[in-house]
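# Structure for this input, please:
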Amino acid sequence: MSIVPAYAELHCLSNFTFLRGASSARELVERAKHIGYRALAIADECTLAGIVRAHESAKKLGVHLIVGSEIRLDDGLTFVLLVENAKGYTALCKLITQGRRNAEKGNYHLTRNDVCDTDGLLALWIPGTNATPEQGRWIKRQFSECAWLAVELHKGPDDATRLRDLMQLAQASDLPAVAAGNVHMHVRRRRALQDTLTAIRHRTTVAAGVGHLFKNGERHLRRREALTKIYPRALLDETVRIAARCVFSLDQLRYEYPR
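Numbering: from 1, shown residues only. Presented below is the predicted three-dimensional model:
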């Protein structure tokens, strides 16, 4: 009987990513605990609004919670930032604050020039459709040995080709690759709600906005047995190594009163 490898989900959105995430932090943490994940990163888009609730649930259940955030720059470059230590938490808070201050309420705006303080942060590049090695090399320059290319596969008809292309892109960008899920819900049956949220975000109906919807319900916290059939073992093992580096906890925060 083969042993199911350990896994840590490093790219997960909660319902604090408004009109994208369809599950609460508590539901996500409970699901991660139930299916035996080594760790879970809550990485809502340019916000830490849900991280306290996630921390409370994770602490109660004994789940290793990684603090993170998904960031999309003005040129479309997208990556997930994971907090490795207290310095990283400070750097992430500053970046999120800068992005929110640069835009009207409810939005954010960040450029490559804004990504300057990366001490204590790990970066997972989420390649877009037109991703280029130049983008990956920029990530590499900014984060040095703290950067990876995230391989996100969702049982599409071209998964084998996509895996090959992403591995080639990682090599051309001088980045190691790691598995990730781009999770938007804790279980598959939450897809109807996620589709509805997507339609609302695009100001259309579910039927008329089918082109904006995910092709299937794979963006949930999948069982490790299923992940072994999708990803090479090395990419799953890398998730655990990254998670082990993320030692920061909200319990480390203390008030620092003015002198």
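# just the strands in the chain please.
8-12, 39-45, 65-72, 78-83, 121-125, 147-151, 177-179 (DSSP state E).
# Could you report the neighbour count for residue 78?
The tally of other residues near residue 78 (other C-beta atoms under 10 Å) stands at 18. Every residue, glycine included, has its C-beta placed from N, CA and C.
# Touching, residue 218 and residue 154? I think so.
Yes. Residue 218 lies in contact with residue 154 (C-beta atoms under 8 Å); the separation is 3.9 Å.
# Output the strands of the chain in a markdown table; the columns should cover distance to residue 230 and mean pLDDT.
Formatted as a markdown table, the strands of the chain follow (distance: least, C-beta to C-beta, whole Å; pLDDT from 0 to 100):
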| stretch | distance to residue 230 | mean pLDDT |
| --- | --- | --- |
| strand 8-12 | 13 | 98 |
| strand 39-45 | 18 | 98 |
| strand 65-72 | 21 | 98 |
| strand 78-83 | 19 | 98 |
| strand 121-125 | 17 | 98 |
| strand 147-151 | 10 | 98 |
| strand 177-179 | 8 | 98 |
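# Now render the ones you listed as a markdown table, adding distance to residue 58.
Below are the strands of the chain laid out as a markdown table (distance: least, C-beta to C-beta, whole Å):
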| stretch | distance to residue 58 |
| --- | --- |
| strand 8-12 | 12 |
| strand 39-45 | 7 |
| strand 65-72 | 4 |
| strand 78-83 | 14 |
| strand 121-125 | 18 |
| strand 147-151 | 22 |
| strand 177-179 | 21 |
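# Residue 159 is nearest to which of these?
Closest of the strands of the chain to residue 159 is strand 147-151, at 10.0 Å (criterion: C-beta to C-beta).
# If you count neighbours, what's buried in stretch 108-116?
In terms of neighbour count (16 or more other C-beta atoms under 10 Å), stretch 108-116 has its buried residues at 108-110, 114-115.
# ok, now stretch 92-109?
92, 95-96, 98-100, 108-109.
# Mind picking the one among the residues you listed that's closest to residue 72?
The nearest member of these to residue 72, counting by C-beta to C-beta, is residue 108 at 8.6 Å.
# Look up the closest residue to the closest one, ignoring the ones flanking it.
If the residues on either side of it in the chain are set aside, residue 108 comes closest to residue 99, at 3.6 Å by C-beta to C-beta, 6 or more residues apart in numbering.
# how about the helices in the stretch 51-200 of the chain?
Counting by DSSP state H, counting those that start in this stretch, the stretch 51-200 of the chain has these helices, from start to end: 51-61, 86-101, 133-143, 159-173, 191-201.
# related to what we said a few turns ago, just list the residues touching the residue nearest to residue 108, thanks.
Applying C-beta atoms under 8 Å, 6 or more residues apart in numbering to residue 99 gives the contacts 46, 71, 108-110, 114.
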